[in-house]
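got a sequence here, can you build the structure:
(chains A, B, C and D)
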2 protein chains.
Amino acid sequence: MQKSQATIKQIAQELGVSISTVSRALQNNPRIGLRTRERVWELARQLQYRPNPAALVLKKKHTRTIGVVLPFLKEEFFSTAITAIEDVLTGYNVVISQSRDELEREKGALATFLASRVDGVIASISAETHHYLHFKELESFGIPVVFFDRVPRRLPAHKVRSNISTAARELVDFLADRGLERIALLNGPAQLEVSEERQQGYLQAMKERHLPIDPSYVCSSDLSKADTQAKVDYLLSREPKPQAIVAFNDYISLYAMERTQALGLIPNQDVYFVSFANLPMMEYAAHPPLASVDQFAYTMGEKAAELLLQLIQSPEEIPYQELWVETQLVIH
Amino acid sequence: MQKSQATIKQIAQELGVSISTVSRALQNNPRIGLRTRERVWELARQLQYRPNPAALVLKKKHTRTIGVVLPFLKEEFFSTAITAIEDVLTGYNVVISQSRDELEREKGALATFLASRVDGVIASISAETHHYLHFKELESFGIPVVFFDRVPRRLPAHKVRSNISTAARELVDFLADRGLERIALLNGPAQLEVSEERQQGYLQAMKERHLPIDPSYVCSSDLSKADTQAKVDYLLSREPKPQAIVAFNDYISLYAMERTQALGLIPNQDVYFVSFANLPMMEYAAHPPLASVDQFAYTMGEKAAELLLQLIQSPEEIPYQELWVETQLVIH
DNA sequence: CTGTTAGCGCATTCAG
DNA sequence: CTGAATGCGCTAACAG
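Numbering: from 1, shown residues only, chains lettered A, B, ... in the order given. Predicted coordinates for the structure are as follows:
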């Protein structure tokens, strides 16, 4: 009743030939007679033979598996990126792990990847990540790592990223063009490079536009809903109140607007919001941000996967690559 | 520079002991002298030794890997379920594959799972799935399969599901209680058992409430946005127009309302909507359904994973289990 | 307390 | 054209 997976050994026995003959036949090695080859293939088909990947791993030195660590699958940005990764990495097993924005989980995921000998890793770092030893360890074993979107700051590494600081400037410009002056930044965790870039772009644009720069207008959330809303309370209690808020991403902007409303203010009327990501679901939101920077999740995943593929396949060391994907400001 | 992963063989050589001594020492086998054990552990630590899973797979007869196939990662219902699965299956590698509601992808995923010798599979079937040979094949090799949420109709199998037909009745009751009479059903693909159940509950409630049952008020979408909106056009062109629509799930309901609005009608005013899933993002939607049946994604994933764990661990055959998880009507 | 050996499934080198 | 033998990394039965 309960079949067990066939092996070349069984095939060999049943056919009265040697294991190596079967092995070669299955690889269509021309050294094996056509007749024999056909018999082997036929029996293999009947027995539903499938090579045991574990055995192959032992021989060849790769697993045809790559690991992906990212904060949350439920964020459409990331699930879209994964779809792209799958599309590019056909023939590979891609195993996904959520860090849930916790450093410990991220480390755990990488430990598992290392233990299971993945051929490469694609990563978007957690909100808590402030060192990269766990990533460097993989590289020290020759396992290439490609970061995308949330890439480590100042760490030489393979990266696929978008020009966040330029995008942040565009967002400020967008608001300034509409006559808004007191613009706040509700940023992500400071150690994330992508937060730093937002701040940099924001500051630069504010300066260029000769808008008032108030340090208390800039704060960073750990990306949780609770902390985000606490920061909104803080921001909206400033005097004078900011007229607009640049949010870390669409989710943060949603949380922030919810809180704004709870405080008796009308989002995008009393306080304007703009953000990053431009998730499709924003189309259905009660209060979408006025504008959002599309980061093209699919393209980023695609580029990251393509780069990883190169790294895996290239025999010699490749210097760290830094790929940029364009962003696009979209107005809602 | 580029380390390669250490093996027990290397450790043995360096320490001048035999391979099996190292193997046993690493397993803390008391037969090995404490002194030796410590030396082995110490060197293993230094060399960052990690057992090669491929070698283990060849010996033991399991991979400590389980596969999950489901339609779309980007649907929060599924990504939440996955989080639960990960939480339960600590120590397992869980590899995820999206069918994208295509039968061929689903088959491909299962073929990969079979080839890679996963210890078990958790599945939520695609919209196109109308036979289950690919699942049965896994079972014929002794690989247990647990279906959740979108479970196959009339196929004896391990299932974790919610009582959809009862929930559908509650939804109709909810509408009827508000004096609505012409209630339509915008269902999913007919071959999905979950569609059938919705229809059954709908019909039964309509009958009990003595509401008019009009076959043209019932239609099924392939779950794509385009087809869904075409079906909305159809439904809203009926005479008389339905007063309310029970949608297959929250996404369908969102698509439907968008279309309704495009047709010049006001959702939840000219036509009322209710649906299934109760996704968290509905909280932020411009037009959330009036009511949605919460299906407790996390619990479903959890139950499915727990059941699978039992099946994997149990030495003897376990008869097909059917687990139910409660639903809850939530009013927005 | 420790070493030797066989074998998991497969590719491959070396013989014939 | 085909077979025997070896080894990938590891565990476990068997020997001492």
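
drop to CA atoms for contacts and neighbour counts, all remaining ones
OK.

ok, residue A:47 - contacts?
Counting by Cα atoms under 8 Å, 6 or more residues apart in numbering or on different chains, residue A:47 touches residue A:6.

that one and residue A:119, how far apart?
30 Å (Cα to Cα, to the nearest Å).

kindly report the same for residue A:78.
Distance from residue A:78 to residue A:119, by Cα to Cα: 21 Å.

do residue A:214 as well
48 Å.

more neighbours: which of these two?
A count of neighbours by other Cα atoms under 10 Å in any protein chain shown puts residue A:119 above the other of residue A:214 and residue A:119, at 24 against 12.

how many neighbours does residue A:306 have?
Every residue meeting other Cα under 10 Å relative to residue A:306 is counted, giving 17.

which helix or strand lies directly C-terminal to whatever helix or strand it lives in?
In this assignment (DSSP states H and E), residue A:306 forms part of helix A:297-313. Later in the chain than helix A:297-313, the nearest helix or strand by DSSP H and E is strand A:322-325.

not counting whichever helix or strand comes after that following strand itself, show me its contacts.
Once the chain leaves strand A:322-325, the next helix or strand it forms, by DSSP H and E, is strand A:328-331. With contacts defined as Cα under 8 Å, 6+ apart, strand A:328-331 is touched by A:167, A:170-171, A:278, A:290-295.

could you dump stretch A:259-268 to PDB, C-alpha only?
Output of stretch A:259-268 as PDB, limited to C-alpha atoms (Å, rounded to 0.1, in the frame of the first residue of the first chain):
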ATOM      1  CA  ARG A 259      -4.700  57.900  15.600                       C
ATOM      2  CA  THR A 260      -5.000  61.400  14.100                       C
ATOM      3  CA  GLN A 261      -8.700  60.800  13.700                       C
ATOM      4  CA  ALA A 262      -9.000  59.500  17.200                       C
ATOM      5  CA  LEU A 263      -7.500  62.800  18.400                       C
ATOM      6  CA  GLY A 264     -10.300  64.600  16.700                       C
ATOM      7  CA  LEU A 265      -8.400  65.800  13.600                       C
ATOM      8  CA  ILE A 266      -9.300  65.000  10.100                       C
ATOM      9  CA  PRO A 267      -6.500  63.200   8.200                       C
ATOM     10  CA  ASN A 268      -5.500  64.900   4.900                       C
END
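
how many neighbours does the residue of chain A found nearest chain B have?
Residue nearest to chain B within chain A (Cα to the nearest Cα): residue A:286, separated by 3.3 Å. Residue A:286 has 17 neighbouring residues, counting by other Cα under 10 Å.

and residue A:302, by the same measure?
23.

ok, the closest residue to residue A:282 other than its chain neighbours to residue A:244 distance?
Leaving out its chain neighbours, the residue that sits closest to residue A:282 by Cα to Cα, 6 or more residues apart in numbering or on different chains is residue A:288, at 5.5 Å. Residue A:288 sits 14 Å away from residue A:244, going by Cα to Cα.

same thing with residue A:234?
Relative to residue A:244, and taking Cα to Cα, residue A:234 is found at 14 Å.

if you count surrounding residues, which of these two has more?
Shown here are residue A:234 and residue A:244; by other Cα under 10 Å, residue A:244 has more neighbours (23 against 13).

quick check on that one: phi, psi?
For residue A:244, the backbone dihedrals (degrees, to the nearest 10) come out as phi -150, psi 150.

right, is the strand or helix carrying residue A:259 up against chain B?
With secondary structure defined by DSSP H and E, residue A:259 is part of helix A:250-262. Yes - using Cα under 8 Å from any Cα of the partner chain, we find that helix A:250-262 touches chain B at residue A:254.

next secondary structure element downstream of that helix?
For helix A:250-262, the following helix or strand on the C-terminal side (DSSP H and E) is strand A:272-277.

got the angle for that next one vs helix A:297-313?
30 degrees (axes from the mean of the first three to the mean of the last three Cα atoms, to 10 degrees).

ok, and what's touching strand A:272-277?
In contact with strand A:272-277 (Cα under 8 Å, 6+ apart) are residues A:77, A:171, A:243-250, A:253, A:257, A:267, A:289-296.

try 7 Å this time
Under the criterion Cα atoms under 7 Å, 6 or more residues apart in numbering or on different chains, residues A:171, A:243-250, A:253, A:289-295 lie in contact with strand A:272-277.

what's the domain layout of chain A?
Residue ranges for the domains of chain A, per automatic domain parsing: A:8-57, A:62-161+A:297-325, A:164-294.

closest one to DNA strand D among the ones you listed?
domain A:8-57 (3.5 Å; Cα to the nearest atom of the strand).

flag every residue of the stretch 151-300 of chain A that's near chain B.
A:284-287 (Cα under 7 Å from any Cα of the partner chain).

could you redo those residues as a markdown table and give each row pLDDT?
Listed next are these as a markdown table, based on pLDDT from 0 to 100:
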| residue | pLDDT |
| --- | --- |
| A:284 | 91 |
| A:285 | 91 |
| A:286 | 89 |
| A:287 | 90 |
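
export the residues you listed to TSV and append columns for secondary structure.
Formatted as TSV, those follow (DSSP: H, G, I helix; E, B strand; the rest coil):
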residue	secondary structure
A:284	helix
A:285	strand
A:286	coil
A:287	coil
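
nearest to DNA strand C, of these?
Ranked by distance to DNA strand C (Cα to the nearest atom of the strand), those are led by residue A:284 at 50.5 Å.

count of residues packed around that closest one?
20.

roughly how far does it sit from residue B:288?
Applying Cα to Cα to residue A:284 and residue B:288 gives a distance of 9 Å.

pull out the buried positions in stretch A:162-182.
Across stretch A:162-182, burial judged by 16 or more other Cα atoms under 10 Å in any protein chain shown covers A:162-176, A:180-182.

give me the contact list for that stretch.
A:149, A:194, A:197-198, A:200-202, A:205, A:211-212, A:242-244, A:274, A:293, A:295, A:324-327.

so which of the contacts of strand A:272-277 sit within strands?
A:244-247, A:291-294 (DSSP state E).

any chance of these in JSON lines, plus pLDDT and distance to residue B:319?
Below are those laid out as JSON lines (pLDDT from 0 to 100; distance: Cα to Cα, whole Å):
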{"residue": "A:244", "pLDDT": "97", "distance to residue B:319": "61"}
{"residue": "A:245", "pLDDT": "97", "distance to residue B:319": "58"}
{"residue": "A:246", "pLDDT": "97", "distance to residue B:319": "56"}
{"residue": "A:247", "pLDDT": "97", "distance to residue B:319": "53"}
{"residue": "A:291", "pLDDT": "94", "distance to residue B:319": "55"}
{"residue": "A:292", "pLDDT": "95", "distance to residue B:319": "52"}
{"residue": "A:293", "pLDDT": "96", "distance to residue B:319": "53"}
{"residue": "A:294", "pLDDT": "95", "distance to residue B:319": "50"}
